[in-house]
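S.K.: Model the structure of this input:
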Amino acid sequence: MAIRGSLKEASLPDVLQLLAMGRKTGCLSVANRNQFGYVYFDDGRISYASIVNRRDRLGDILVKLGTITEAQLDEAIAEQTRAPQHRIGEILVRRGLIEQAELDRQIRLQIEEAVYFLFTWSQGTFNFEADVRPDEHDLLVSINPDALLLEGARRVDEWSLIEKRITSFDIIFEVDRRKIEESSVELTPEQVTLVRLIDGRRDVAALVDATGLGEFDVGKALYGLAQAGYLHRVGQTKKAEPAVSDARVDEHRNLGVAFYKTGMLEEAVREFKRVTELRSDDVHARFYLGLVFARQGSWEDARDAFATAAAQPGAKPAVFHNLAYVLERLGRPDEAKTALADAVTRGGGGDPRVQVSLGAVALERGDLAAAEAALAAARPLYGKRPPAAVWFHYAALTAAASGDHERAIAVLLEGINAHPHSGVLYNNLALVYERRGQYQQAAVQAERGVQEDSGLAQLHKNVGDYLYRSGKYDDAVEAYQRAVKLEPDLGGDVYLKLGNVHFRRRETAEAARLWKRALELDPANEIVRTNLEAARSAT
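M.R.: As a prediction, the model looks like this:
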């Protein structure tokens, strides 16, 4: 279920309540001009939230709170650079610099503050995509949205007052310390911290960054000081930046990545193109443009983006790997093989995905021995984890192409055990059973595949074929219609059989229309031509 709308028409708390009541799982992304945030749900509960380009990194916050030192953070970052699969929080816990309970508390606070900040947005758009999950390395929580709604509503009400004094985050204040001392007023802990830091040079954004407090807490504390007459506005930081500053490029790139991860592909293209306009040699932007175009099925544009990125010095193996995938989709296996060789040369030989792609390209080129070797090399690279579903897919295809149907079935059964929701593996198993003449087993596997992945056109076609072969023509037509609805150009044989059923029903005109479509997809099919002649004779 996709939900889209404007924050002017539906408030964010209302949207959160809707998702919670419906026990939805997926990602709610919210965009407001150049700001972007997202909230992930798992069975109606908030599991993760973040604001792109917001200065709330966990390590920096822990330094500002005095939990760790700057030097300890630098050491943890250096370790993460060597092992990017580990999060900073995990490294700090393992080093004994922070307790797991404190890490969990800080992660929860970060996520809650991100949601509260989103509540203050009254303009912009929201988009919910079902079944989209956070990155596998994100540290997740489980928060009932109802627990945040009351506090969020209170903050929104208070923020409307705060904004009358704190109109923007680039305002610079000066504090009257003498007046504070003479009044003997008792300040809040947040106000004490701010009074120490306000120096007539830092703006509000810098104070947020320096204190480690959230925008709301800083704004509330400043509002109180201003209301009491202890705070005076003395200026405003300049908004103008150099035409091609690192901050500006990073902002567009980060927004592009966030849009891409949440399925907002047109918005992602816009942001990455802005990066390339600012820096034409930005490899990351070209790489992500290639990923976006590939997801959109714009294969030529994807090839151009990846090829441009590959031409840059220091291009990573992933660039060449994805270029190979696109070339394979474009029917250029020889060029794909060359791109994969470049990926290996750049250090990608130890990546199981690269080895699987080498096997796939070799299989497409008919080199079964090379396919077997590459897939055999890929398997141990997964370590203790079971191989990805794509490995089982190509390993089974290679075995079947070699005539070893027993091994293909064994590979697919192992793959389904490891990936029980992979419709493609059920589809492959059905096809192998069909080749062996085991039509009943084939039909069972195809039906299971449809239950796991109803969006795979080939599965619906296979189910249709088994029903057609059994003489269950009405059921077969329904299956074929689902297949061509998902993929209109699936194949001429689908339209041939659909035409045959309609001809049996004496619906000659419809049969002729379907056979003409079959002939468009398969001009060399003489059976279709014969059927068309029979249809003309019958009219």
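S.K.: With adjacent residues omitted, what lies nearest to Arg536?
M.R.: The shortest distance from Arg536 to any non-neighbouring residue, by Cβ to Cβ, 6 or more residues apart in numbering, is to Ala512 (7.5 Å). C-beta here means a position set from N, CA and C on the backbone, and glycine is covered the same way.
S.K.: distance of that neighbour from Gly492?
M.R.: According to Cβ to Cβ, to the nearest Å, Ala512 stands 15 Å off from Gly492.
S.K.: for Asp493, what are its contacts?
M.R.: 518, 522 (Cβ atoms under 8 Å, 6 or more residues apart in numbering).
S.K.: ok, now with 10 Å
M.R.: The neighbourhood of Asp493, defined by Cβ atoms under 10 Å, 6 or more residues apart in numbering, consists of 461, 465, 480, 518, 521-522, 525, 527-528.
S.K.: so it is in which element?
M.R.: helix 492-504 (DSSP states H and E).
S.K.: In that helix, which residues are buried?
M.R.: Within helix 492-504, the residues that count as buried by 16 or more other Cβ atoms under 10 Å are 492-503.
S.K.: Can you add distance to Glu452 and pLDDT and give those back as TSV?
M.R.: Listed next are those as TSV, based on distance: Cβ to Cβ, whole Å; pLDDT from 0 to 100:
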residue	distance to Glu452	pLDDT
Gly492	27	89
Asp493	24	90
Val494	21	91
Tyr495	26	92
Leu496	28	92
Lys497	24	93
Leu498	25	92
Gly499	30	90
Asn500	29	92
Val501	27	92
His502	31	91
Phe503	34	90
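S.K.: nearest to Gly124, of these?
M.R.: Nearest to Gly124 among these is Val494, at 43.9 Å by Cβ to Cβ.
S.K.: and Asp217, how many neighbours?
M.R.: If you count neighbours by other Cβ atoms under 10 Å, Asp217 ends up with 19.
S.K.: residues touching the closest residue to it other than its chain neighbours, list them.
M.R.: Among residues not flanking Asp217 along the chain, Glu190 sits closest, at 5.4 Å (Cβ to Cβ, 6+ apart). Residues in contact with Glu190 (Cβ under 10 Å, 6+ apart) are 211, 213-214, 217-218, 220-222, 224-225.
S.K.: farthest-separated two in those?
M.R.: Using Cβ to Cβ for every pair in the contacts of Glu190, the one that comes out farthest apart is Gly214 and Leu225, at 17.0 Å.
S.K.: that older thread, now intersect the contacts of Asp493 with the helices, please.
M.R.: 461, 465, 480, 518, 521, 527-528 (DSSP state H).
S.K.: Show the buried residues in those.
M.R.: Buried members of those, counted by 16+ other Cβ under 10 Å: 461, 465, 480, 518, 521, 528.
S.K.: List the residues that contact the first one.
M.R.: Listed by Cβ under 10 Å, 6+ apart, the contact partners of Lys461 are 427, 446, 479-480, 482-484, 486-487, 490-491, 493-494, 497.
S.K.: Which of the residues you listed has the largest number of neighbours?
M.R.: Counting neighbours by other Cβ under 10 Å, Ala446 leads the contacts of Lys461 with 29 neighbours.
S.K.: Just the element for the closest residue to Phe119 other than its chain neighbours, please.
M.R.: Excluding the flanking residues, the one nearest Phe119 by Cβ to Cβ, 6+ apart is Gly152, at 4.1 Å. Per DSSP H and E, Gly152 falls inside helix 145-165.
S.K.: Distance-wise, check the residue nearest to Arg536 relative to Tyr468.
M.R.: 19 Å.
S.K.: And for Ile91?
M.R.: 58 Å.
S.K.: can you check Val354 too?
M.R.: 40 Å.
S.K.: what about the two, which has more around it?
M.R.: Neighbours per residue, other Cβ under 10 Å: of Val354 and Tyr468, the larger number sits with Val354, 25 against 19.
S.K.: Compute the number of surrounding residues for the residue lying closest to the more buried one once chain neighbours are set aside.
M.R.: Once flanking residues are discounted, Val354 sits nearest to Gly348: 4.4 Å by Cβ to Cβ, 6+ apart. Gly348 is flanked by 22 other residues according to other Cβ under 10 Å.
S.K.: For Gly348, give me its contacts.
M.R.: 316-321, 340-342, 354-355, 357-358.
S.K.: and if you look at Arg407?
M.R.: Contact partners of Arg407, counting by Cβ under 10 Å, 6+ apart, are 395-396, 398-400, 432.
S.K.: And Leu255, by the same measure?
M.R.: Leu255 neighbours (Cβ under 10 Å, 6+ apart): 31, 34-36, 52-53, 264, 267-268, 270-272, 274-275.
S.K.: where are the low-confidence patches of the stretch 51-200 of the chain?
M.R.: Applying pLDDT under 70 to the stretch 51-200 of the chain flags residues 53-57, 64-65, 83-85, 135-139.
S.K.: now the helices for it?
M.R.: Assigned by DSSP state H, counting those that start in this stretch, the helices in the stretch 51-200 of the chain fall at 58-64, 70-82, 88-94, 100-119, 145-165, 177-183, 189-197.
S.K.: a markdown table for the ones you listed, including distance to Val283?
M.R.: Listed next are these as a markdown table, based on distance: least, Cβ to Cβ, whole Å:
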| stretch | distance to Val283 |
| --- | --- |
| helix 58-64 | 26 |
| helix 70-82 | 18 |
| helix 88-94 | 25 |
| helix 100-119 | 29 |
| helix 145-165 | 39 |
| helix 177-183 | 50 |
| helix 189-197 | 39 |
